[in-house]
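In: Would you be able to build a 3D model of this:
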Amino acid sequence: MQLSFAFHPRLIDALRGYNRSRCLADVGAGITVGIVALPLAMAFAIASGLPPGAGLWTAIIAGFLISALGGTNAQIGGPAGAFIVIVYGIVERHGVANLLISTACAGVLLVLLGLFRLGTLVRFVPVSIVIGFTNGIAVLIALSQVKDWLGLSIARMPGDFFSQMGTVAQHIGSFNPYAFGLGAVCLVGLFVWPRLFMSGSPVIKLMDGYRVRSFARVPAPVVALVTLSLLAWGLEFPVETIGSRFGGIPQGLPAFVLPDFSWETVRLLVTPTLTIALLGAIESLLCARVADQLATDPHHRKHDPNQELMAQGLANLVVPFFGGMPATGTIARTVTNIRSGATSPIAGIVHAATLAVIVLAAAPLALHIPLAVLAGILLFVAWNMGEWHEFVRLRHFSNHYRLLMLGTFFLTVVFDLTVAVEVGLFMACALFVRRMSGLFRAELQPPATATPGRATQTWRLHGALFFGAAAKVDPIVQAVEAGPAGMDVVLDASELVALDTTGLDALGQVLKAVAQRGGHLQIVHLHEQPRSLMERSGFADRLAAQGGTGVNV
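Out: Numbering: from 1, shown residues only. All right, here's what the predicted structure looks like:
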């Protein structure tokens, strides 16, 4: 394992040859994505059981650090929908103070992952597990918003799936039609708004010549937030707002506070810490890969996963001291950034500055935002987050893929993400071992020219002889024991691609059986890895000492 102190943010390279046109493009993209991030940051925090200011300052501080120190050109960092379920569960079980400690410790782990150049290991998580827990989180996000969408009088939603369902059913009598209407209009509007300005739409045809396409640049969540908040405030709808629940958003810089840290507390928070670190690493690097695929700017370069993890870690290490929540790369805002013309990390820095100006200058206006509107925005996020078409495509894949994806999905919904990922990775490893063991075989070859007066059997080994396939060598041992005394055995390893110590022990059993029957064992056509293991372990010397001819390449 190699330790790397090469801390080289992408911003340094992006500023070489930076010019006025790129600066204008980055500023425009940063302002656009900053406006988009405003309702999302508040909604993610509220859904996680935190005040809206926690989400906003996480988006500002973490967004700045991830862009300034990260390893991508266009990724936007901040609070993400994937963390809602995790953060809500940690807050419910351990409290906000311990959430801050878990987030900071997760930041340290992410920095270490980057320093030890382990960013590429995240790609070892099977795509079926990623799709399973992503869809499961989307379902849980949608379920968590039912309370505010229906306007139910529930003081505190429980954290697990069945308890949430039961709580909603018990309080369905407090249904608020005004809240439901606002949430429904918001949800429909988010789907319809972008389509109003598509080429050939009735709106374009009706208002041709009035440059209505410029309206399409206004993000749909911002349109919904402003119009529906004004509607609810003007008509005095009896709905819960940010002001009525949280008292508003503090208009000023957040205070620097040190959490009450102790090693005893850290020991109790190992599982939440690992969950935040794992999910943050997966989300950020998946987002970076999406950005690489979508980017068309000639200045864009493929992301550096290790530098990105270090930036994510530093961001998560810092934000808890300002009352923030976990942060990672965010796909929706990153895509918005790229499509708005971003060419460098400057756009992400401008996005953070835009949010800071809005919060410091217009925080009192947030008092009137209905929570039902934020619920509608999060329902839209949950819909877009889930890869629902993958359920339809399951019939095209193997039973292994179906088991991993559906198992991870149901475990995420019914239990939690930690259990789902742990069990999913265990199942993936077990199924991989089973599949690889099925590829190994030992085939008896037709009789060939042998030493006069001595019987000879030749076996060809195919695949990888490892702990999962070691039992498949038993037929060779049985054939030796059933054969004539003094029979020689030749193992043709020309198609043996890998060997581990358990497989080597199985070959040792063959050597023992051949020697007991008075024969000689020869292993021929070995590749580098199996030959090296045999020589380092002393097996080659044992083979030669018992009358064999050693190992041959």
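
In: Spell out, range by range, the strands that occur in this structure.
Out: 77-78, 328-329, 441-444, 456-465, 488-499, 521-524 (DSSP state E).

In: roughly how far apart are residue 313 and residue 125?
Out: 18 Å (CB to CB, to the nearest Å). Where C-beta positions appear, they are placed from N, C-alpha and C, glycine not excepted.

In: out of these two, which sits in the busier spot?
Out: When neighbours are counted by other CB atoms under 10 Å, residue 313 and residue 125 differ, and residue 313 comes out ahead with 27 against 19.

In: Correct me if wrong: the more buried one contacts residue 103.
Out: No: with contact defined as CB atoms under 8 Å, residue 313 does not count as touching residue 103 (10.7 Å).

In: ok, the residue lying closest to residue 337 once chain neighbours are set aside - contacts?
Out: Distance criterion CB to CB, 6 or more residues apart in numbering; nearest residue to residue 337, sequence neighbours excluded, is residue 33 at 4.6 Å. Counting by CB atoms under 8 Å, 6 or more residues apart in numbering, residue 33 touches 76, 333, 336, 337, 340, 342, 347, 348, 351.

In: Could you pick out the longest helix of this protein?
Out: Looking across the chain with DSSP state H, the single longest helix is helix 20-47.

In: Quick check: buried residues in that helix?
Out: For helix 20-47, the neighbour count (16 or more other CB atoms under 10 Å) marks 22, 25-47 as buried.

In: coming back round to it: just the contacts of residue 33 now: which is nearest residue 131?
Out: Nearest to residue 131 among the contacts of residue 33 is residue 333, at 21.1 Å by CB to CB.

In: can you give me the helices for the stretch 351-500 of the chain?
Out: Ranges of helices within the stretch 351-500 of the chain are 371-385, 389-392, 399-414, 417-439, 474-482, based on DSSP state H, counting those that start in this stretch.

In: Out of these, flag the one nearest residue 85.
Out: helix 417-439 (6.4 Å).

In: Restrict the closest one to CA atoms and write it as PDB.
Out: C-alpha atoms of helix 417-439 as PDB (Å, rounded to 0.1, in the frame of the first residue of the first chain):
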ATOM      1  CA  LEU A 417     -28.100   1.300   4.400                       C
ATOM      2  CA  THR A 418     -25.300  -0.100   6.600                       C
ATOM      3  CA  VAL A 419     -27.000  -3.500   6.800                       C
ATOM      4  CA  ALA A 420     -27.800  -3.400   3.100                       C
ATOM      5  CA  VAL A 421     -24.200  -2.600   2.000                       C
ATOM      6  CA  GLU A 422     -22.600  -5.100   4.400                       C
ATOM      7  CA  VAL A 423     -24.900  -8.000   3.400                       C
ATOM      8  CA  GLY A 424     -24.800  -6.900  -0.300                       C
ATOM      9  CA  LEU A 425     -21.000  -7.000  -0.300                       C
ATOM     10  CA  PHE A 426     -21.000 -10.300   1.500                       C
ATOM     11  CA  MET A 427     -23.400 -11.800  -1.000                       C
ATOM     12  CA  ALA A 428     -21.300 -10.300  -3.900                       C
ATOM     13  CA  CYS A 429     -18.200 -12.000  -2.500                       C
ATOM     14  CA  ALA A 430     -20.000 -15.300  -1.900                       C
ATOM     15  CA  LEU A 431     -21.500 -15.300  -5.400                       C
ATOM     16  CA  PHE A 432     -18.200 -14.300  -7.000                       C
ATOM     17  CA  VAL A 433     -16.400 -17.200  -5.200                       C
ATOM     18  CA  ARG A 434     -19.200 -19.500  -6.400                       C
ATOM     19  CA  ARG A 435     -19.000 -18.300  -9.900                       C
ATOM     20  CA  MET A 436     -15.200 -18.500 -10.100                       C
ATOM     21  CA  SER A 437     -15.100 -21.900  -8.500                       C
ATOM     22  CA  GLY A 438     -17.500 -23.100 -11.300                       C
ATOM     23  CA  LEU A 439     -14.900 -22.000 -13.900                       C
END
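
In: Show me what that helix is packed against.
Out: For helix 417-439, the contact count by 3 or more CB pairs under 8 Å, 6 or more residues apart in numbering; DSSP states H and E identifies helix 127-144, helix 270-294, helix 399-414, strand 456-465 as packing neighbours.

In: same thing but 7 Å
Out: The helices and strands touching helix 417-439, judged by 3 or more CB pairs under 7 Å, 6 or more residues apart in numbering; DSSP states H and E, are helix 127-144, helix 270-294, helix 399-414.

In: now the angle between helix 127-144 and that helix, please.
Out: Relative orientation of helix 417-439 versus helix 127-144 (axes from the mean of the first three to the mean of the last three CA atoms, to 10 degrees): 160 degrees.

In: what about helix 417-439, average pLDDT?
Out: The pLDDT scores in helix 417-439 average 84.

In: Most tightly packed of the helices of the stretch 351-500 of the chain?
Out: Mean neighbours per residue, mean count of other CB atoms under 10 Å, is largest over these for helix 371-385, with a mean of 25.

In: so where's the stretch 1-150 of the chain uncertain?
Out: 1-5 (pLDDT under 70).

In: what residue is smack in the middle of this structure?
Out: With distances taken as CA atoms, centre = their mean, the residue of the chain nearest its centroid is residue 282 (2.9 Å).
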